[in-house]
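>>> How does the following fold in three dimensions:
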Amino acid sequence: MNPLDPPLGFSTNFLFVPGTRPKRFIKALDSGVSGVVLDLEDAVAEEDKDLARSAIRNAWPSFTPEQKKRLTINQLTW
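Coordinates of the predicted model:
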């Protein structure tokens, strides 16, 4: 395994980004953290959860394969 390309499970730090803030997704990935959590739980009001899910779905194709390796989604249910 390349030490510069660790699996998400070996990440040392995470940045949580509310799913309702898609402009922050790339900023978080560019911040230098090991992993980015796109949050659909505590950081998103109940009435905004559908909006957050949609924002993540719309943004997903724009992420590079390398960025996707560092992303996870915090959710209980979709």
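>>> chain center to the strand or helix carrying residue 37, what's the gap?
Here residue 37, judged by DSSP states H and E, is contained in strand 35-39. Centroid separation for strand 35-39 versus its chain: 3 Å, with Cα atoms, centre = their mean, to the nearest Å.
>>> ok, and what's touching it?
8, 11, 13-19, 25, 28-29, 52, 56, 70-74 (Cβ atoms under 8 Å, 6 or more residues apart in numbering). For every residue, glycine as well, the C-beta is placed using N, CA and C.
>>> Just the buried subset of those residues, written out for ChimeraX, thanks.
A single ChimeraX command selects the buried members of those (16 or more other Cβ atoms under 10 Å):
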select :11,14,15,17,18,19,25,28,29,52,56,70,71,72,73,74
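>>> mind listing which of the contacts of strand 35-39 are in strands?
Those of the contacts of strand 35-39 mapping onto strands are 14-18, 71-74, per DSSP state E.
>>> Could you give the bridge partners of the most centrally placed residue in the chain?
Residue closest to the mean C-alpha point of the chain, counted by Cα atoms, centre = their mean, is residue 38 at 3.2 Å. Beta bridges link residue 38 to residue 17, residue 73, judged by DSSP bridges.
>>> Now do it, the pLDDT please.
For residue 38, the pLDDT comes out at 96.
>>> Can you tell me how far it is from residue 57?
Taking Cβ to Cβ, to the nearest Å as the measure, residue 38 and residue 57 are separated by 11 Å.
>>> next one: residue 17
Distance of residue 17 to residue 57, given as Cβ to Cβ: 15 Å.
>>> what does residue 13 give?
Distance from residue 13 to residue 57, by Cβ to Cβ: 26 Å.
>>> now residue 36
Taken as Cβ to Cβ, the span from residue 36 to residue 57 is 16 Å.
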